[in-house]
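**Q** could you work out the structure for the sequence below:
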Amino acid sequence: MSYTYRDFEWIEERYPWLGVAYCITLVTDCESTELLDALTGHDLSSVTGLSAVNEQSWDYQDCVGTAACGTAALAIAPNNTAGSTKRILSSLSTGRTAVTLHRNVNAVSRVCIWTDSTEIADFDPLLGESALIEDRTVWATLMREAGLDPEQEGPQPDGKFHVLDGSLAVAANCTGVQISSEDLVSNTFLCGTSG
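**A** Alright, predicted model coming up:
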């Protein structure tokens, strides 16, 4: 089954602050404690739901929350870059797949895909810009699979760019793991700081 941006449109409706800046990492066959240890150096309390992770990020700007998502682990860092370095992704992806979605406050976005310590792709989901020339083809294929037209200049026909929801569809298609609304509302997030 392929996921499209339509499967994730709920995320910015429910968490409008998340679309401003984030780092979301999804790692297959991983425990949330292992992911937290890889991304943080100081543990905070456990909280229920993504909104509570966001509340912690007001006191700890480098806050990261990790939770189980099926057999995968999910990390969400509001307004933070935890999980976006090649060193971390290479290590986390050993024997599995790791996908990181990153957007900063300047609206610069990245999708990074690693499998078994090898970088598969690293591109801007909106523009397809990449340091690797072959990523442009990978980007176009992944965007089409996510229900978006990579040849579209400007917003999609509905007037939106679908950066976050489209990127989440790419992550789901690369890992086979769909993040659900229920996961973000009711799961326990282990929190820590990346600084």
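
**Q** please count neighbours and contacts with C-alpha atoms only from this point.
**A** Noted.

**Q** would you verify that residue 64 is located in a strand?
**A** Yes - membership of residue 64 in a strand is supported by DSSP: H, G, I helix; E, B strand; the rest coil.

**Q** which residues touch it?
**A** If you count contacts by Cα atoms under 8 Å, 6 or more residues apart in numbering, residue 64 has them with 36, 39-40, 53, 57, 75-78, 80, 82, 191-194.

**Q** which ones are touching the closest residue to it other than its chain neighbours?
**A** Nearest residue to residue 64, sequence neighbours excluded (Cα to Cα, 6 or more residues apart in numbering): residue 77, at 4.4 Å. Listed by Cα under 8 Å, 6+ apart, the contact set of residue 77 reads 22-24, 62-65.

**Q** which single one of those residues is nearest to residue 177?
**A** Set against residue 177, the nearest of the contacts of residue 77 by Cα to Cα is residue 24 (13.3 Å).

**Q** in a helix, the closest one, correct?
**A** No - counting by three-state DSSP, residue 24 is located in no helix; its state is strand.

**Q** and it, how far is that from residue 150?
**A** In this view, residue 24 and residue 150 are 22 Å apart by Cα to Cα, to the nearest Å.

**Q** who's more crowded, the two?
**A** When neighbours are counted by other Cα atoms under 10 Å, residue 24 comes out ahead of the other of residue 24 and residue 150, with 28 against 18.

**Q** give the next helix or strand downstream of the longest helix along the chain.
**A** Across the chain, the helix with the greatest residue count (assigned by DSSP state H) is helix 163-175. Sequence order places helix 181-186 as the next helix or strand after helix 163-175, per DSSP states H and E.

**Q** same question for that next one, mean pLDDT?
**A** If you average the pLDDT over helix 181-186, you get 96.

**Q** now that helix: buried residues?
**A** Buried positions in helix 181-186, judged by neighbour count with 16 or more other Cα atoms under 10 Å: 183-184.

**Q** check stretch 103-122 too.
**A** Within stretch 103-122, the residues scored as buried using 16+ other Cα under 10 Å are 103-104, 109-117, 119-122.

**Q** also stretch 75-86?
**A** Buried residues in stretch 75-86, defined by neighbour count with 16+ other Cα under 10 Å: 75-84.
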